[in-house]
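**Q** for reference, the sequence and a predicted model appear below.
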Protein chains: 2
Amino acid sequence: MPLLPPGRPDRVDDVPTATLERLPVYLQVLAGLADQGIRTVSSTDLAEHSGVTSAKLRKDLSLLGSFGTRGVGYDVVYLHGCIADWLGVMQPLDVVVVGVGNLGQALASYQGLSGRGFRIIGLVDIDPSRVGQSLTCGDTTLRIRPLSDLVDVARHAQIGVIATPDSAAQSVCDRLVSAGVRSILTFAPSVLRVPAGVEVRRIDVGVELQILGFRERRQGSPAAWQPGAVSA
Amino acid sequence: MPLLPPGRPDRVDDVPTATLERLPVYLQVLAGLADQGIRTVSSTDLAEHSGVTSAKLRKDLSLLGSFGTRGVGYDVVYLHGCIADWLGVMQPLDVVVVGVGNLGQALASYQGLSGRGFRIIGLVDIDPSRVGQSLTCGDTTLRIRPLSDLVDVARHAQIGVIATPDSAAQSVCDRLVSAGVRSILTFAPSVLRVPAGVEVRRIDVGVELQILGFRERRQGSPAAWQPGAVSA
DNA sequence: TAGATTGTTAATCGATTAACAATC
DNA sequence: TAGATTGTTAATCGATTAACAATC
């Protein structure tokens, strides 16, 4: 069990957003290395596995503290524990998933959540044919609740996940907020309107594909397509 | 049909990554405004709907050209057309989806793709009980092909989507690359190793939740949890 | 000690912001 | 003209990078 060294800690505000968003990736990679029985890793190797430069990796870690040994590298298990501690993975957060279509079911069956400090405590759907069905989430089984139960269920959750069609997203979001949920992950393309203090992260497959697509078209067939060439 | 004004265009490299990643969002919001019959929008309003500042929005657009009218704002349909042109949405790209579990099915049934310049041309799965089944993707129906057909199918695709379990992701990725696919979207948590010239975007729900979770724990109950407090 | 690798610095680079002149 | 809003500038801010002293 890791113990943070008395180097840098606290002053959480000092961790830049860009660093915060990379920490879960390092955690991920370290867990994989530990599974393979690898005991020690250098910043160069860990960085390569994480898809970043070694300078960036060392800079990121240095913001949390000093976890390595010069001339040797990092102890995989120890570093994993330190980052997990820092991110607070040990204190599980409760998640409610709204919309139990294909996407919601994929989330419910996603194994990675419990090991990362999350626990799905509620599944909500508007479709009467789905309400009442049971779904296995990690180590427990949950009954799908009707939309009318949303606020009640959400009162016990810290995080809400919106996996409904786009048309329902804002309304679901409003109800989550009114139930006191202040962290929302949405898969609906709409930009949700929320009061200050509520944090939303949006995953939009269409956006990701368009970014890939732009670069693909650019390098793919430079002659075939140029910005502005397709007009009329 | 929009026609790009002779202002800034070409020199695509000049568009910063951060701007490129916001353009699809503006497109999205503009489409919604057009649906509502709104003809004109100011940078302030469009920015608010998109979740950015108006300065950022105007700066972004100014990198592509000059699409507005001072004192008036932007013509919704015209601006939408200009951005769509710029992103190359008019030239559809072919997508192969590997892994037709809940997540893959959610993608296949996602309506937003065809309108955004994408066409799913192949579904591939390793599970014999799924192979051969038909699935409706937008306006066509596709038969699920066995994994052994992956390379053949991928040869006709510009973009590959990996919706398999994590354990299969790297192997699928390798085959996509060997089939000539240079743009990959993956939902597997692993950081994929690809040769130079191949672009990968990774969507990891666990990472998103951990970022939300960190902030939630921080503001949620400051006394209950501090970085480094959970140790042993 | 010699070799290796961290943690940190300082310089560079890129993105955001506020403010305003241009102009509809 | 008067009011409004764009497009652009210049200043600020934050993130990345290369290099190296510290040190195992």
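**A** Done, it's in. These figures come from a predicted structure and were not determined experimentally.

**Q** all contacts plus neighbour counts: C-alpha atoms, from now on.
**A** OK.

**Q** so where's chain A uncertain?
**A** By pLDDT under 70, the low-scoring segments of chain A are A:1-13, A:220-232.

**Q** domains for chain A, by residue range?
**A** By the assignment in automatic domain parsing, chain A contains the domains A:12-87, A:93-207.

**Q** so which residues on chain A come close to DNA strand D?
**A** When proximity is defined as C-alpha under 7 Å from any atom of the strand, chain A approaches DNA strand D at A:16-19, A:52-53, A:55-56, A:59, A:69-72.

**Q** residues contacting A:Gly197?
**A** By C-alpha atoms under 8 Å, 6 or more residues apart in numbering or on different chains, the residues touching A:Gly197 are A:Arg182.

**Q** could you tell me how many residues sit around A:Pro165?
**A** Other residues near A:Pro165 come to 14 when the count uses other C-alpha atoms under 10 Å in any protein chain shown.

**Q** please name the nearest non-neighbouring residue to it.
**A** A:Ala188 (6.5 Å; C-alpha to C-alpha, 6 or more residues apart in numbering or on different chains).

**Q** helices and strands around the longest helix seen in chain A, which ones?
**A** Ranked by residue count and defined by DSSP state H, the top helix of chain A is helix A:17-35. Under the contact criterion of 3 or more C-alpha pairs under 8 Å, 6 or more residues apart in numbering or on different chains; DSSP states H and E, helix A:17-35 touches helix A:43-50, helix A:76-87, helix B:205-220.

**Q** could you give the angle of the first one to helix A:17-35?
**A** By that I understand helix A:43-50. With axes from the mean of the first three to the mean of the last three C-alpha atoms, to 10 degrees as the criterion, the two stretches helix A:43-50 and helix A:17-35 enclose an angle of 100 degrees.

**Q** for helix A:43-50, packing partners?
**A** helix A:17-35, helix A:54-64.

**Q** isn't A:Val15 right next to A:Leu63, touching?
**A** Yes - taking C-alpha atoms under 8 Å as the contact criterion, A:Val15 and A:Leu63 are neighbours in contact, 6.4 Å apart.

**Q** neighbour count for these two, which is higher?
**A** Set side by side, A:Val15 and A:Leu63 give different neighbour counts by other C-alpha under 10 Å, the larger being at A:Leu63 (17 against 14).

**Q** distance of that one relative to B:Ser66?
**A** Separation of A:Leu63 from B:Ser66 (C-alpha to C-alpha, to the nearest Å): 42 Å.

**Q** and A:Ser183, by the same measure?
**A** A:Ser183 sits 37 Å away from B:Ser66, going by C-alpha to C-alpha.

**Q** hmm, back to that, anything in the longest helix of chain A near DNA strand C?
**A** No - looking at helix A:17-35 against DNA strand C by C-alpha under 7 Å from any atom of the strand, there are no contacts, and the closest approach is 11.2 Å.

**Q** now that helix - C-alpha only, CSV.
**A** The C-alpha atoms that make up helix A:17-35 are tabulated as CSV, following Å, rounded to 0.1, in the frame of the first residue of the first chain:
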residue,chain,number,x,y,z
THR,A,17,-5.5,20.4,-16.7
ALA,A,18,-3.3,18.8,-19.3
THR,A,19,-1.5,16.8,-16.7
LEU,A,20,-4.7,15.8,-14.9
GLU,A,21,-6.0,14.3,-18.2
ARG,A,22,-2.9,12.2,-18.7
LEU,A,23,-2.7,10.8,-15.2
PRO,A,24,-5.4,8.2,-15.8
VAL,A,25,-3.5,7.0,-18.8
TYR,A,26,-0.3,6.5,-16.9
LEU,A,27,-2.3,4.6,-14.3
GLN,A,28,-3.7,2.4,-17.0
VAL,A,29,-0.3,1.6,-18.5
LEU,A,30,1.2,0.9,-15.1
ALA,A,31,-1.6,-1.5,-14.3
GLY,A,32,-0.8,-3.4,-17.5
LEU,A,33,2.9,-3.5,-16.7
ALA,A,34,2.2,-4.8,-13.2
ASP,A,35,0.1,-7.5,-14.7
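
**Q** what residues sit buried inside that helix?
**A** A:19-20, A:22-31, A:33 (16 or more other C-alpha atoms under 10 Å in any protein chain shown).

**Q** turn the residues you listed into a markdown table, including distance to B:Glu216.
**A** Conversion of the buried residues of helix A:17-35 to a markdown table gives the following (distance: C-alpha to C-alpha, whole Å):
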| residue | distance to B:Glu216 |
| --- | --- |
| A:Thr19 | 17 |
| A:Leu20 | 13 |
| A:Arg22 | 17 |
| A:Leu23 | 16 |
| A:Pro24 | 15 |
| A:Val25 | 19 |
| A:Tyr26 | 20 |
| A:Leu27 | 19 |
| A:Gln28 | 20 |
| A:Val29 | 24 |
| A:Leu30 | 24 |
| A:Ala31 | 23 |
| A:Leu33 | 28 |
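
**Q** which of those sits closest to DNA strand D?
**A** When those are ranked by distance to DNA strand D (C-alpha to the nearest atom of the strand), A:Thr19 comes first, at 6.1 Å.

**Q** hmm, that closest one is touching A:Asp60, no?
**A** Yes - if you go by C-alpha under 8 Å, A:Thr19 and A:Asp60 touch, sitting 5.7 Å apart.

**Q** mean neighbour count, the domains of chain A: which tops it?
**A** Sort the domains of chain A by mean neighbour count, taking mean count of other C-alpha atoms under 10 Å in any protein chain shown, and domain A:93-207 sits at the top with a mean of 19.

**Q** got the end-to-end distance for it?
**A** When the termini of domain A:93-207 are compared using C-alpha to C-alpha, they are 28 Å apart.

**Q** ok, now stretch A:91-110?
**A** Between where stretch A:91-110 begins and where it ends, there is a gap of 19 Å, by C-alpha to C-alpha.

**Q** cool, stretch A:145-159 as well?
**A** For stretch A:145-159, the first-to-last residue distance is 17 Å (C-alpha to C-alpha).

**Q** can you confirm the residue nearest to A:Pro165 is in a strand?
**A** No - residue assignment for A:Ala188, taken from DSSP: H, G, I helix; E, B strand; the rest coil, gives coil, which places it outside any strand.

**Q** and it, how far is that from A:Gly206?
**A** 10 Å.

**Q** also A:Arg155?
**A** Following C-alpha to C-alpha, the distance that separates A:Arg155 from A:Gly206 is 31 Å.
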